[in-house]
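A.B. asks: for reference, the sequence and a predicted model appear below.
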Amino acid sequence: QVQLVESGGGLVQPEGSLRLTCAASRSIYNLYDVSWFRQAPGKQRELVAAIPNTGSFYYADAVKGRFTASRDNAKKTAYLQMHNLKPEDTAVYYCSANLAVTYADYDSARYVEVRGQGTLVTVSS
């Protein structure tokens, strides 16, 4: 079963930057409709950013102007660039996407919705 794997989390000081990466655990045709979520201790999971196949990107108000989501089609990888991090950004960050495992899946619009295990981001001095 193909999975998504996030990486790039860690401990960073306030006002620092991190870039999270989201990639499939094995070869796929490509990933679509990428979303980034986060869940802080004791809080509900929230949508941080979304890259739809069509339409505008979405960013939560709390991260607008500081976070940038992107996707590299050639590398079949998604990113979440985070700048000016704040302690309240501390959370486990997850990516989710619709995966086309093969070209036949893409051609048939046969996608698998997959979510990663998450990567911990801690913002603290």
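C.D. replies: Yep, that arrived.
A.B. asks: low-confidence stretches in the chain?
C.D. replies: Within the chain, no stretch falls below the threshold (pLDDT under 70).
A.B. asks: where along it do the helices fall?
C.D. replies: Assigned by DSSP state H, the helices in the chain fall at 103-107.
A.B. asks: now do the closest residue to residue 48 other than its chain neighbours against residue 108, distance only.
C.D. replies: Of all residues not flanking residue 48 in the chain, residue 36 sits nearest, at 4.6 Å (CB to CB, 6 or more residues apart in numbering). All C-beta spots, glycine's among them, are computed from the backbone N, C-alpha and C. Remark: distance between residue 36 and residue 108 (CB to CB, to the nearest Å) = 27 Å.
A.B. asks: more crowded one of these two?
C.D. replies: A count of neighbours by other CB atoms under 10 Å puts residue 36 above the other of residue 36 and residue 108, at 28 against 10.
A.B. asks: bridging residues for the more buried one?
C.D. replies: With DSSP bridges as the criterion, residue 36 is bridged to residue 49, residue 95.
A.B. asks: ok, it - contacts?
C.D. replies: When contacts are counted by CB atoms under 8 Å, 6 or more residues apart in numbering, residue 36 touches 20, 22, 47, 48, 49, 50, 69, 78, 80, 93, 94, 95.
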